[in-house]
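Asker: Starting from these lines, generate the structure:
(2 chains)
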Amino acid sequence: MQIKPIIAALRHHKAGTLLIALQIALTLAIVCNALFIIHLRMAHMAQTSGVDEANLLVIQNGWVGKPAAGENASMLAADLATLRKVPGVVDVYATNAWPLAEGGTVYGIGHTPDKLALVTSTAVYFVDDHALATLGLKLVAGRNFHADEISATGPDHVAPAEVIVTRALAERMFPDGSALGKMVYVSAKPSVIVGVVERMQAPWVDNFAAKWADYATLVPYQLMDSAGANYMVRAVPGQRDDVVRAAPKALLAANPMRVINRDNGVQTYADIRADAYKSDRGMAILMSVISVMLLAITAAGIVGLTSFWVGQRRKQIGVRRALGATRGDILRYFLTENLLIGIGGVLIGIVMAVTVNLWVVTQFEMARLSLGYVIVGTAVLLVLGQCAVLAPALRASKVPPVEATRSV
Amino acid sequence: MRGMTGYYFRLALRSLRRNPLLTALMVLAIGFGVAASMTTYAVFRAVSGNPLPDKSAQLFVPQIDNWGPASRKSGGDIPDSLSYTDAMALMRAHQAKRQTAIYPVSYTVVPGAGSQPFTVNGYATYTDFFPMFDVPFRYGNGWASEHDTQRANVIVISSQLNQSLFGGTNSVGHTLNLDGHDYLVVGVTADWNPQPRFYDVNNNRSFADAPDFYLPFTRAVDMQSATTGNNNCFGSTGRAPGWDSWLHSECDWVSLWLELPNAAAVTHYKSYLEGYVAEQTRGGRFRWTGGAQLFDLVGWLDHEQVVPPETRVSMMVALGFLLVCLVNTVGLLLAKFMRRAGEIGVRRALGASRRQIYVQFLIEAWAIGVAGGLLGLLLTGVGVFGIGLVFEPAIARLAQVNLTLVGLTLLVSMAATVVAALYPTWRAAHVQPAWQLKSN
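Answerer: Residues are numbered from 1 along each chain as shown, chains lettered A, B, ... in the order given. Model (predicted):
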């Protein structure tokens, strides 16, 4: 195939050629960045929380009136006992927060009592000795809390003698791997690390928590909050939905002076996960829809413009056919022409994709575009161009040689 | 010329009918491009609007650096709320025309025998809150300023809470029981929920449902009602358990808003604030100097990054999409117009001026723009309806199809198509009649 005559012919269609190339370039720039955003969001959603999501549910319970500190502890104990009796419940504990809750407690953690040079932030989960069994957390070193280590505290006072930390936090605090038995400070008093669990995600999935999303500290406290209490309940596999219905009924029957909101008072982990990652899922959907529409519009544009060129050049095609060119020659001519325009387009597009990404990176907290997306995007657009041009090119190849003798 | 417009319009329709596929392609491209842009713009406008356009220039938020430079070693900023100590000092000094400390609280209401108790969310404020923020009232008014100093059991409720508790009747003078304490209703607000909720953006409630009630800040503190918003503390020293020690700690949880009606008042407040911080340094409470800031409402929303980055990214991507659709349309129009070079040549040879060619082809493009706009309008409706799938429900429901959006969609569509047609039309108008006639 001779490329020179094709380029010479394209010179006569400068505007159309440039427009197709520009469209391919813009499409590549946008689709690369959209694909990249989709990938980032999917990767974000793929993080595991570390807890047994399939069988867990959370009950958010508000007290009517503000119970006094003394009453609070007995009300909490009564509720835990009530929940344990609900058929299908494996275990339960009361807490302040849970992975993906989008609300909770954060403390700085460091090696000195004043903590003014803290090492990192950490999510703080109030737990009792039932928490590991309820959440299905795997202990990789040390031990669980003992029942006699659990004490009652208000939301504003955290100074535990013992803590359990996630493996990620243990390695951050003691990179040499010797965290077990060491002292850390979340308050002015030292806390000894008695256990290390494999993984438990922080309550937040937003950017602000990204640096410490895997750092969680479990503290042996029962939270005495006069506003209410949250219960983490683990159900027997397959019986979660029964527990969702039965648990609030049992609580209300035992003590009606409480508020369990109808819409979000009882949430399964599936609900919690969907809520937490709503904007990630939404962005992934939006970017996919826009990418698909963009590719469709670009393909349609190529079909439209090439059809016009074929129509315009019927006479020339007829002449070439009369002079001995085969149908295959004509077909190849249009395919090669499109490929040349496509290559020009993607070359500009790559530059644009990188430029757009550099701008996006400065505007939003986002990583750099990786080369893979550019390569995939380029391949997709070139193949798409060839497919789009196929129908008009086939039509061109069917122009009979006799066309040469006809005037318009 | 006027008569010709109608003729050109008929010509345009005939020409568009001649290539239904090409026409459909252009209308679809314009329609989808405009709809994507308009849908994302509707969301962006909803979240980035000025919640109080008439008043925003007079409303200010002070910030005080009560943690010092050490707190910013690993990034971060001056705390975005105040400690109780600083908020009360600024309230007592009374250096602004109006001022209110604010924090979010929540209680349970027991409506009466047989009814389920429910949770209500509201704000502890000073009475200046209502005139400062132009809060509209259905019944009654805000409480008297004496009520703030007397720490009185008074409350202003929302029209929605008034509806569910008092059936929408004038409840001023009635009492309402929150967590076992009676409050006298002094006012019922009309529907009021500015978006974003500028006075509480630091608690992730920028786009929440309207609050149920407002009660005196002083009363809420007496009731030991903890904040339901963020409570930020730095370091570990000086924090003992108990309500009073929390009030006197360096934990930050109070928002403070000021009304400063003119530039002189702003200058005055700035120097007062700097003086206050300097005094804290002299007194030994702060071991650093400076660190006071004053933001106006719009500056504050910007500083707190209230507009979710998703809305901005999606609008940018949608605008890019519209641009591709336009390039696509330029190409197709060029093809369509140049195919009629012969026809143009004949018309020009028969005496049509370039101007007439321009008018004829721009009208044809405009017709495509109108069709694309109508399709775009339909798709924007679908888009706004389906936006809940993509954005947080609290944000999605803010995006609405209204007259402005309808007008804007049609306008953008027509303007975009006419702009896209400029180059193809220019090419069409510069067809050489002689060359066309000869070649055929």
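
Asker: what's the burial count for residue 356?
Answerer: Unless you meant another one, I'm taking chain A. Other residues within reach of residue A:356, judged by other Cβ atoms under 10 Å in any protein chain shown, total 19. (Each C-beta comes from the backbone N, C-alpha and C, glycine too.)

Asker: wrong chain, I was asking about chain B
Answerer: 16.

Asker: mind checking how far it is from chain A?
Answerer: 23 Å (Cβ to the nearest Cβ, to the nearest Å).

Asker: cool, and residue B:25?
Answerer: From residue B:25 to chain A the distance is 5 Å (Cβ to the nearest Cβ).

Asker: Check whether that residue really touches residue A:302, as I assumed.
Answerer: No - counting by Cβ atoms under 8 Å, residue B:25 sits too far from residue A:302 to count as a contact (10.9 Å).

Asker: Looking only at neighbour counts, state which of the two leads.
Answerer: Using other Cβ under 10 Å, the more surrounded residue of residue B:25 and residue A:302 is residue A:302, with 25 against 19.

Asker: domains in the chain, as residue ranges please.
Answerer: Assuming you mean chain A. Following the assignment in automatic domain parsing, chain A carries domains at A:4-45+A:279-405, A:65-256.

Asker: wrong chain, I was asking about chain B
Answerer: Looking at automatic domain parsing, the domains of chain B come to B:2-50+B:309-439, B:66-259.

Asker: weakest of the ones you listed by average pLDDT?
Answerer: Ranked on mean pLDDT, the bottom entry among these is domain B:2-50+B:309-439, at a mean of 86.

Asker: what's the distance between that domain and the middle of its chain?
Answerer: Centroid displacement of domain B:2-50+B:309-439 relative to its chain, using Cα atoms, centre = their mean, to the nearest Å, is 29 Å.

Asker: and residue A:195, what are its bridge partners?
Answerer: Beta-bridge partners recorded for residue A:195 (DSSP bridges): residue A:142, residue A:164.

Asker: shouldn't it be in contact with residue A:146?
Answerer: No - look at residue A:195 against residue A:146 with Cβ under 8 Å: they stay out of range, at 11.0 Å.

Asker: Now tabulate the domains of chain B in a markdown table and tack on distance to residue A:312.
Answerer: Formatted as a markdown table, the domains of chain B follow (distance: least, Cβ to Cβ, whole Å):
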| stretch | distance to residue A:312 |
| --- | --- |
| domain B:2-50+B:309-439 | 7 |
| domain B:66-259 | 54 |
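
Asker: Helices along chain A, start to end?
Answerer: A:4-11, A:14-45, A:69-85, A:131-135, A:167-173, A:240-254, A:269-276, A:278-312, A:314-322, A:327-363, A:371-397 (DSSP state H).

Asker: The last one near chain B anywhere?
Answerer: No - where contact is defined by Cβ under 8 Å from any Cβ of the partner chain, no part of helix A:371-397 touches chain B; the two come within 11.5 Å at best.

Asker: Indicate which one of the domains of chain A is closest to residue B:368.
Answerer: domain A:4-45+A:279-405 (13.2 Å; Cβ to Cβ).

Asker: got the end-to-end distance for the closest one?
Answerer: Domain A:4-45+A:279-405 has an end-to-end distance of 26 Å (Cα to Cα, to the nearest Å).

Asker: Have a look at chain B and report its longest helix.
Answerer: Longest helix in chain B, counting by DSSP H: helix B:354-386.

Asker: Could you check how far residue B:71 is from chain A?
Answerer: In terms of Cβ to the nearest Cβ, residue B:71 sits 8 Å off from chain A.

Asker: you'd agree that residue is up against residue B:232?
Answerer: No - here residue B:71 lies out of contact with residue B:232, judged by Cβ under 8 Å, at a distance of 9.8 Å.

Asker: got any residues that touch both of these two?
Answerer: Both residue B:71 and residue B:232 are in contact with residue B:79, where contact means Cβ atoms under 8 Å, 6 or more residues apart in numbering or on different chains.

Asker: is it true that residue A:297 touches residue B:326?
Answerer: No - between residue A:297 and residue B:326 there is no contact under Cβ under 8 Å: 10.5 Å.

Asker: The two - which one has more neighbours?
Answerer: Shown here are residue A:297 and residue B:326; by other Cβ under 10 Å, residue A:297 has more neighbours (23 against 20).

Asker: what sits against that one?
Answerer: Residue A:297 neighbours (Cβ under 8 Å, 6+ apart): B:28-29, B:32-33, B:324-325, B:328.

Asker: For chain A, tell me which of those show up nearby.
Answerer: B:28-29, B:32-33, B:324-325, B:328.

Asker: would you turn these into CSV with distance to residue A:250, neighbour count and secondary structure?
Answerer: Listed next are the ones next to chain A among the contacts of residue A:297 as CSV, based on distance: Cβ to Cβ, whole Å; neighbours: other Cβ atoms under 10 Å in any protein chain shown; DSSP: H, G, I helix; E, B strand; the rest coil:
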residue, distance to residue A:250, neighbour count, secondary structure
B:28, 57, 20, helix
B:29, 59, 32, helix
B:32, 53, 23, helix
B:33, 56, 30, helix
B:324, 58, 26, helix
B:325, 58, 31, helix
B:328, 62, 31, helix
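
Asker: Out of these, which is nearest to residue B:218?
Answerer: Once Cβ to Cβ is applied, the member of the ones next to chain A among the contacts of residue A:297 that ends up nearest residue B:218 is residue B:33, at 55.9 Å.

Asker: Now do the same contact list for the residue nearest to that closest one when sequence neighbours are not counted.
Answerer: Leaving aside its chain neighbours, residue B:33 sits nearest to residue B:325 (3.1 Å; criterion: Cβ to Cβ, 6 or more residues apart in numbering or on different chains). Residues near residue B:325 by Cβ under 8 Å, 6+ apart: A:297, B:29-30, B:32-34.

Asker: for residue B:22, same thing?
Answerer: Listed by Cβ under 8 Å, 6+ apart, the contact set of residue B:22 reads A:304, B:332, B:335-336.

Asker: Most neighbours of all those residues, which one?
Answerer: residue B:332 (27 neighbours).

Asker: wait, doesn't it sit right on residue A:303?
Answerer: No - counting by Cβ under 8 Å, residue B:332 does not reach residue A:303; the two are 10.1 Å apart.

Asker: Just give the number of residues close to residue 76.
Answerer: Since no chain was named, I'll use chain A. Every residue meeting other Cβ under 10 Å relative to residue A:76 is counted, giving 21.

Asker: not what I meant, chain B
Answerer: Residue B:76, neighbours per other Cβ under 10 Å, totals 11.

Asker: Show me the strands in the stretch 201-350 of chain B, by range?
Answerer: B:213-216, B:252-259, B:292-296 (DSSP state E, counting those that start in this stretch).

Asker: and residue A:107, which of those strands is closest to it?
Answerer: Of all the strands of the stretch 201-350 of chain B, strand B:252-259 comes closest under Cβ to Cβ, at 15.1 Å.

Asker: Now do the contacts for the closest residue to chain B within the stretch 1-150 of chain A.
Answerer: Across the stretch 1-150 of chain A, the shortest distance to chain B (Cβ to the nearest Cβ) belongs to residue A:19, at 3.9 Å. Counting by Cβ under 8 Å, 6+ apart, residue A:19 touches A:305, B:327, B:330-331, B:334.

Asker: do residue B:69 as well
Answerer: Contacts of residue B:69 (Cβ under 8 Å, 6+ apart): residue B:288.
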